[in-house]
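Asks: no sequence for this one, just the structure:
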């Protein structure tokens with residue numbers, strides 16, 4: 001028995017002459033095509049009832065009425081919502097994959113995209129929940145809005161294209177993504193590109209990337225480490241907000257401002273270094289970072305926004321390097337922080353801070369040689385202190401380390417993992433032929 005709804009759908013399908021297809025100029029082996037580009041190439045626009053499901057192996061060229069055409073594009077909604085499609089092979093002759101071309105093909109398990117494809121359109125593979133892996137080839141330069149959004153069982157993603165345009169939410173809500181490779185040709189991480197990729201544990205951003213847009217990694221709940229190159233000059237608002245397990249972040253030297261909510265609610269951050277090249281810190285930039293205990297503000301900072309460090313309930317030490325107190329809001333720091341944390345300022349600057357709101361609200365203001373406390377960094381490696389112990393970032397396991405006091409006496413000689421708790425003071429640390437000056441408090 002055909003219901004009224006099913007009958008209407010059947011009539012629509014028969015009228016189109018193909019499943020998910022536009023009206024076609026011709027059909028070959030169950031695949032429907034429209035002739036384009038002065039009759040020299042064709043666009044795949046759908047499949048007919050002859051396609052019984054399984055693998056769709058798209059040819060590089062097809063012949064019709066004695067003429068051979070190159071298959072150069074896959075049209076808008078060409079295979080959208082086709083639940084019979086299990087696999088697709090897209091040849092290098094195809095330059096563009098159209099908007100919603102494979103959207104909601106929920107049984108699609110593999111999609112092979114050959115080198116030659118230049119653009120992947122908006123929502124092209126959105127909600128293809130059967131996909132577990134995807135390789136984006138070197139030829140791709142443009143990825144549209146939501147192109148691979150909502151592929152919730154995607155575990156492995158490799159992006160090797162020279163991506164100059166990455167659309168909003170391009171890979172968002174790939175909930176089970178655990179392995180991400182971003183190739184050297186990518187220049188930008190788009191707006192909310194990986195937002196909500198909750199299982200993603202780590203990311204290495206290549207040297208080619210210069211900008212990370214709004215909410216790019218927002219709500220990546222399991223993100224523990226991310227390596228950012230110094231070529232990055234822009235990090236957008238909310239870029240890492242809600243990354244609950246992000247324990248450390250090195251802000252690239254090319255970044256000059258920290259935007260609003262950039263690291264909001266990063267509950268695992270314990271220590272933050274704002275380098276000397278940064279001039280401004282935005283509204284709620286680090287607010288609700290519950291585990292943050294130490295904050296180092298570089299000498300280039302001139303302004304700090306409202307609630308920038310609000311609700312940082314564990315904040316105990318603030319090393320503020322500028323001689324002139326940065327402009328700040330009365331609620332930049334919480335009342336609790338102003339009452340319990342120690343504000344350490346440069347020698348000779350205490351009076352300026354003690355008489356300038358809101359810094360004057362701090363009950364504990366001390367002077368120190370703040371420059372000697374800053375972490376020295378080189379070649380993406382760093383050494384700092386936390387709770388009386390030396391911390392090492394970017395070095396191999398088992399790396400040998402020597403620790404000297406300021407008078408030259410050897411305090412420790414061994415591997416970095418065995419470095420003991422140290423008494424408060426200034427130390428020189430030698431590791432991997434590099435020297436670091438670290439203050440332990």
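Replies: Noted; the coordinates are in hand. Keep in mind it's a predicted model, so treat the numbers as computed, not measured. Numbers count the residues shown, from 1 in each chain.

Asks: secondary structure class for the residue nearest the centre of the chain?
Replies: In the chain, the centroid-proximal residue (Cα atoms, centre = their mean) is residue 217; its distance is 4.1 Å. Following DSSP: H, G, I helix; E, B strand; the rest coil, residue 217 is assigned to coil.

Asks: show me what contacts it?
Replies: Shown in contact with residue 217 (Cβ atoms under 8 Å, 6 or more residues apart in numbering): 189, 193-195, 197, 200, 203, 223, 226, 239-240, 243. From N, CA and C alone the C-beta is placed, and that goes for glycine too.

Asks: against residue 288, how distant is it?
Replies: 17 Å (Cβ to Cβ, to the nearest Å).

Asks: which parts of this protein are helices?
Replies: Using DSSP state H, the helices of the chain run over 4-16, 335-340, 350-354.

Asks: list the contacts of the last one.
Replies: What that stands for is helix 350-354. 320, 323-325, 343, 345, 359-360, 362, 365-367.

Asks: keep only those of these that are in strands.
Replies: Taking DSSP state E, the ones among the contacts of helix 350-354 that sit in strands are 320, 343, 345, 365-367.

Asks: mind checking the end-to-end distance for stretch 128-136?
Replies: 16 Å (Cα to Cα, to the nearest Å).

Asks: quick check, distance from that stretch to the centre of its chain.
Replies: With Cα atoms, centre = their mean, to the nearest Å as the basis, stretch 128-136 stands 19 Å off its chain's centre.

Asks: same question, stretch 249-262
Replies: 13 Å.

Asks: so where's the stretch 1-150 of the chain shaky on pLDDT?
Replies: By pLDDT under 70, the low-scoring segments of the stretch 1-150 of the chain are 1-22, 38-39.

Asks: list just the nearest of the contacts of helix 350-354 to residue 89.
Replies: residue 320 (58.9 Å; Cβ to Cβ).

Asks: and the closest one, what is it in contact with?
Replies: Contact analysis of residue 320 by Cβ under 8 Å, 6+ apart lists 297, 326, 343-345, 353, 359, 370.

Asks: tell me the predicted confidence for the residue nearest to the centre of the chain.
Replies: According to the prediction, residue 217 has pLDDT 98.

Asks: show the backbone phi and psi for it.
Replies: In terms of degrees, to the nearest 10, the main-chain angles of residue 217 are phi -120, psi 20.

Asks: roughly how far apart are it and residue 190?
Replies: Per Cβ to Cβ, residue 217 is found 11 Å from residue 190.

Asks: ok, now residue 416?
Replies: Counting by Cβ to Cβ, the gap from residue 416 to residue 190 is 37 Å.

Asks: cool, residue 153 as well?
Replies: 22 Å.

Asks: same check, this time on residue 85
Replies: Noted for residue 85: a distance of 27 Å to residue 190, by Cβ to Cβ.

Asks: any stretches of the stretch 251-400 of the chain with poor pLDDT?
Replies: Under the criterion pLDDT under 70, the flagged ranges of the stretch 251-400 of the chain are 370-381.

Asks: rerun at 80
Replies: 369-382, 385-388, 393-394, 396-397 (pLDDT under 80).

Asks: against residue 233, how distant is residue 197?
Replies: Going from residue 197 to residue 233 by Cβ to Cβ gives 24 Å.

Asks: still on that earlier bit, compare neighbour counts for residue 416 and residue 190 and give me the winner.
Replies: Using other Cβ atoms under 10 Å, the more surrounded residue of residue 416 and residue 190 is residue 190, with 27 against 21.

Asks: residue 308 and residue 287 touch, don't they?
Replies: Yes: look at residue 308 against residue 287 with Cβ atoms under 8 Å: they come within range, at 6.7 Å.

Asks: would you map the strands across the stretch 101-250 of the chain?
Replies: Under the criterion DSSP state E, counting those that start in this stretch, strands of the stretch 101-250 of the chain are mapped to 110-113, 119-120, 133-136, 142-143, 156-159, 165-166, 179-182, 188-189, 202-204, 211-212, 225-227, 234-235.

Asks: cool, and the stretch 251-400 of the chain?
Replies: Under DSSP E, counting those that start in this stretch, the stretch 251-400 of the chain gives strands at 257-258, 271-274, 280-281, 294-297, 303-304, 317-320, 327-328, 342-346, 364-368, 377-378, 381-386, 389-393, 400-405.

Asks: which helices and strands sit right next to the fifth one?
Replies: The one in question is strand 303-304. Judged by 3 or more Cβ pairs under 8 Å, 6 or more residues apart in numbering; DSSP states H and E, strand 303-304 is in contact with strand 280-281, strand 327-328.

Asks: any chance of CSV for the ones you listed, columns mean neighbour count and distance to residue 349?
Replies: Below are the helices and strands packed on strand 303-304 laid out as CSV (neighbours: other Cβ atoms under 10 Å; distance: least, Cβ to Cβ, whole Å):
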stretch, mean neighbour count, distance to residue 349
strand 280-281, 22, 19
strand 327-328, 17, 15
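
Asks: okay if I get these as TSV plus distance to residue 28?
Replies: What follows is these, written out as TSV (distance: least, Cβ to Cβ, whole Å):
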stretch	distance to residue 28
strand 280-281	60
strand 327-328	69
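
Asks: of the ones you listed, which approaches residue 138 most closely?
Replies: Closest among those, once you apply Cβ to Cβ, is strand 280-281, at 37.6 Å.

Asks: need the strands of the stretch 101-250 of the chain in CSV (columns: mean neighbour count).
Replies: Below are these laid out as CSV (neighbours: other Cβ atoms under 10 Å):
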stretch, mean neighbour count
strand 110-113, 19
strand 119-120, 24
strand 133-136, 19
strand 142-143, 22
strand 156-159, 20
strand 165-166, 20
strand 179-182, 17
strand 188-189, 24
strand 202-204, 15
strand 211-212, 21
strand 225-227, 16
strand 234-235, 20
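
Asks: so which of those comes closest to residue 411?
Replies: Nearest of these to residue 411, taken as Cβ to Cβ: strand 225-227 at 28.7 Å.

Asks: just list what the closest one packs against, helices and strands only.
Replies: So strand 225-227, by 3+ Cβ pairs under 8 Å, 6+ apart, packs with strand 202-204.

Asks: tell me the strands beside the strand it packs on, with direction?
Replies: Sheet pairing for strand 202-204, assigned by DSSP bridges, gives strand 225-227 (parallel).

Asks: what is the nearest of the contacts of residue 217 to residue 384?
Replies: residue 226 (17.3 Å).
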